[in-house]
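Asker: coordinates for the following, if possible.
(chains A and B)
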Amino acid sequence: MCARRDDPQARERGRARKLAPAAGVSASNDPRERSMSQTPETRPTRASPLRQVLDPAWEDELRAGQTQEGESGSLEAELAALHLLRHARAPEPLSAAAMEEVWGAIAPVVAPRPWWRRAWVLAGVPALAGAAALLIALLPAGEVDRADTQAAKGEAAAPTVDRVAMADGGRREAEQEYSPPPPTAAPAADRVAMVERPAASEPSEAYAPPPPPAAPARGLGRASTPPMDALDEVGGGGREAAKAAKATTTKSVSAADRRTRAEDGDLLRGGLVATRAEPRAEQRAGDGAFPGIEAGEQASVGDAEAKADQAMKAGRGEVAILLEQQFAGFEPGARRELGGRVELRRAQARGALLASARGAQS
Amino acid sequence: MASERIADEPEVVRRAAAGDRRAFEQIYRAYAPTLFSYVLTPMLGDRDDAQDCLRETFLSAHKHLGTFVYQEGGLYPWLKTLAKNKARDLMRAAGRRSRLRGSFSEHLDAATPPPKNPVEEELQRTAVRARIEEILATLNPRYAAVLRLRLLEDRPREECAELLEVKLGTLDVLLFRACKSFRAACEREGLSLGGALA
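Answerer: Have a look, this model is predicted:
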């Protein structure tokens, strides 16, 4: 040891022996030779983890040397030289974690936007929602109007016996549902004869209106007579009346004979609808004179009953029965309504008396 | 380290430009390591800055990929130009115009012609290694030895100190002097380290 320290040549030989593997590795420029020469024996055995190119510990080592050297100042140039040498050994790697971290920042921008986050959706959805809300707010009123119109049209086109059946009690509702027939110059019986018949069931020959009743009655029951007239005209028992009408009309009796029972039903329905619609006009005309209406009601009901009996005798029993049932339901309803009107008049008269009494007192 | 070129790269680029996320991810995973290791790290000399620039590079690439016209050189030169521009933007924003802390990209670019793909980047590093050996040969043998042992062979400090028969503190001084000597030798060779903004 002492001899070696004293002998410079021996010391140089020992140092060269120690450095020989390292020098051999670094002197090689061939990558294959370099990689082959980096056997586990020649590779550094390190207790600490491998420092990469940009490890800050390198700067610490340089700073320590600079301090021991008694210098100060920037180490950028020395650090760059150190980085270059480290890079020449092995470049700074992008670790898998760092790569995923960077991609995690890129991916949200790169990923295509879902359809609900696109601009046209963000702008269009509120507009659509507003339009939908507007429709919801406005549609019910329009729907109601349309439904009313359709109902009115449907009822006008195909009136039914059911609707006729409510003629008594639901007269006011019926007035709202059915528009009043336009006033015509024709007599009431004509109007009854021409009531709403479906166009499809209209025979090739026009229907001949029956002659007006001999004693036109006023009031609610008056309109119930025209169906009986029509019945006389189309029914088997009304052939004599049809023959009598043949002289005054252009319609043939044979056409009336060919009518089927269904057509009779249509006619009946049309007539009954007329019984409901007709009194409205009469009622308007008779406002203010209800005692007369009551009398007419009684007269017309009696007249209708007599005609129903006549129809039954003439062989149209079932039609007459239907009419009778209708009148049976019709009469109480008319009475109820007339009673209401009486009460209303009484109340009005009572109010007028009270008002006049107060005026006298003042 | 360097990634291989993408098979059927024009088609992948076309799909990525059309908004295909998987195609763009394929490009990212193929070129991000090379850009980070061979372009951004040498230019910036800082890992965090290099990662920030890498992210900005690929965001910009995704934004402008539709304007990219594919050429024979492929996508990598275009990405490398983007990365360099982003690195310069970052350095300007950081106010490091005059000197770059620990950057050595100019030395790499001076050593060989600019690489056009990841394989050429690896070849460039090999060429730089050869150039470094030439420079080390001109240095004091002790300086060259400490640079080889500590930096090129990555030997621990204790082992280097034992091989060089010096104390640890002396090894630090030796390393510092060796680095200064190496920088001076590079400047003599016409290569400035830690120099001006590229």
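
Asker: how much space separates the nearest residue to B:L35 once chain neighbours are set aside from B:L136?
Answerer: Closest residue to B:L35 apart from its sequence neighbours, by Cβ to Cβ, 6 or more residues apart in numbering or on different chains: B:A83 at 4.9 Å. All C-beta spots, glycine's among them, are computed from the backbone N, C-alpha and C. Between B:A83 and B:L136 the computed distance is 30 Å (Cβ to Cβ, to the nearest Å).

Asker: go on, B:E189?
Answerer: Distance check for B:E189 against B:L136: by Cβ to Cβ, it reads 12 Å.

Asker: compare those two (neighbour count), which wins?
Answerer: Between B:E189 and B:L136, counted using other Cβ atoms under 10 Å in any protein chain shown, the more crowded position is B:L136 (23 against 14).

Asker: who's in contact with that one?
Answerer: Taking Cβ atoms under 8 Å, 6 or more residues apart in numbering or on different chains as the criterion, B:L136 is in contact with A:26, B:144, B:147-148, B:182.

Asker: distance from the centroid: which residue in chain B tops it?
Answerer: Using Cα atoms, centre = their mean, the residue of chain B lying farthest from its centre is B:E165. It sits 33.5 Å away.

Asker: relative to chain A, how far out is it?
Answerer: As judged by Cβ to the nearest Cβ, to the nearest Å, B:E165 and chain A stand 7 Å apart.

Asker: which of the three states applies to the closest residue to A:V102 other than its chain neighbours?
Answerer: Leaving aside its chain neighbours, A:V102 sits nearest to B:R55 (5.0 Å; criterion: Cβ to Cβ, 6+ apart). Secondary structure, DSSP: H, G, I helix; E, B strand; the rest coil: B:R55 is helix.

Asker: same check on B:F58?
Answerer: Following three-state DSSP, we place B:F58 in the helix state.

Asker: what about it, neighbour count?
Answerer: 28.

Asker: just the pLDDT at it, thanks.
Answerer: B:F58 is assigned a pLDDT of 94 by the prediction.

Asker: and for B:A18?
Answerer: On pLDDT, B:A18 comes in at 87.

Asker: could you do the one 3 residues further on as well?
Answerer: What the model reports as pLDDT for B:R21 is 89.

Asker: check the one 10 residues further on too.
Answerer: The predicted local confidence for B:Y31 comes out at a pLDDT of 93.

Asker: how close does A:G73 sit to chain B?
Answerer: On the measure of Cβ to the nearest Cβ, A:G73 and chain B end up 11 Å apart.

Asker: using the three-state scheme, assign that residue.
Answerer: Quick answer, by three-state DSSP: A:G73 is coil.

Asker: roughly how far does it sit from B:D172?
Answerer: Distance, A:G73 to B:D172, by Cβ to Cβ: 16 Å.

Asker: those two: which is more packed in?
Answerer: B:D172 (25 against 6).

Asker: mean confidence for the host helix or strand of the more buried one?
Answerer: Assigned by DSSP states H and E, B:D172 falls within helix B:168-188. The average pLDDT for helix B:168-188 rounds to 90.

Asker: B:Y28: neighbouring residues, count only.
Answerer: B:Y28 has 24 neighbours, counted by other Cβ under 10 Å.

Asker: that one: what's it in contact with?
Answerer: Taking Cβ under 8 Å, 6+ apart, we find B:Y28 in contact with A:103, A:106, B:58.

Asker: distance check, it against A:E337.
Answerer: Noted for B:Y28: a distance of 90 Å to A:E337, by Cβ to Cβ.

Asker: can you list the weak-confidence ranges in the chain?
Answerer: Picking chain A for this. Scanning chain A for pLDDT under 70 picks out A:1-50, A:140-305, A:307-332, A:335, A:362.

Asker: chain B, not that one
Answerer: B:1-5, B:95-103, B:106-112, B:191-198.
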